[in-house]
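Undergrad: fold the following for me, if possible:
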Amino acid sequence: MPRKLKVFRTPTGFHDAYVAAPSRKAALEAWGAASDLFARGAAEEITDEGLMAEPLAHPGEVIYVSRGDLAAQLKALGPKRKPAKSQPEPKSVVQAKAPKPKPPPQRDKVDRAEAAVEQARATLAKERAALENKLDALNRKLEALDARHDKDLAELERKAEKARTDYRAALDEWNG
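TA: Okay, the predicted model is just below:
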C-alpha cells in the first residue's frame, strides 16, 4: 500500500513552492534544498484543503503559487523612497577612453640574470677543473718525492748501519 501523501510549503520570493510527498525528506529533495528548511522554520506541512488540491493532483512535482497579486507584492515592498541626494551630475558627460592595456612584462632581465648564473657556473667548473688538475700533478710530485726520499733514506740508513758495523769491528780489533 503506497504511503499517504502530505503537502508541504516553503516560501520562494514572491511565490510559495508546494509539493505533495510522503515525507519531509522527500519534499526537501523535490525542492533541491541543501539544508533542512523545516528545522529552520522555512518550510511547513499544510492541511488547508484549498491549497492541497493542486499539489495532490501532481505528486512529487513542485507547484509555484503567487503570494497575492502585483498590487499586494508592490505594497509589501514598502513606500517608494526618494533617492538619496548625491553629488550633482556633471553638466557635460565626457566619455572616458578605455585605458590602453598594459603590455606584458619583458623577460629580458630574467634572461640576462639566468645567462649570468650559467656563465658563473661554467667559469667555476673550468677553474675548479684547472685546480684539480694542478692538485693531481702536485699529488703525483708528492708521491715521487716520497718514493725518492724513501729510497735515499734507505740507502743512507744502509750506509749508517755499515759505518756502525765497521766501527764496532774496528773497536773490537783495537780492544783485542
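Undergrad: which strand residues bridge residue 19?
TA: As for beta bridges, residue 19 partners with residue 8 under DSSP bridges.
Undergrad: that one touches residue 5, doesn't it?
TA: No - if you go by CB atoms under 8 Å, residue 19 and residue 5 don't touch, sitting 9.5 Å apart. Backbone N, C-alpha and C define where each C-beta goes, glycine included.
Undergrad: more neighbours, the two?
TA: residue 19 (24 against 17; other CB atoms under 10 Å).
Undergrad: quick one: mean pLDDT for stretch 43-63?
TA: The average of the pLDDT scores along stretch 43-63 is 90.
Undergrad: for residue 26, give me phi and psi.
TA: Torsion angles at residue 26 (phi, psi; degrees, to the nearest 10) stand at phi -70, psi -40.
Undergrad: which residues touch it?
TA: residue 60 (CB atoms under 8 Å, 6 or more residues apart in numbering).
Undergrad: please apply the same query to residue 58.
TA: residue 20.
Undergrad: quick one: the helices in the protein?
TA: With DSSP state H as the criterion, the chain has helices at 24-31, 49-57, 70-77, 108-175.
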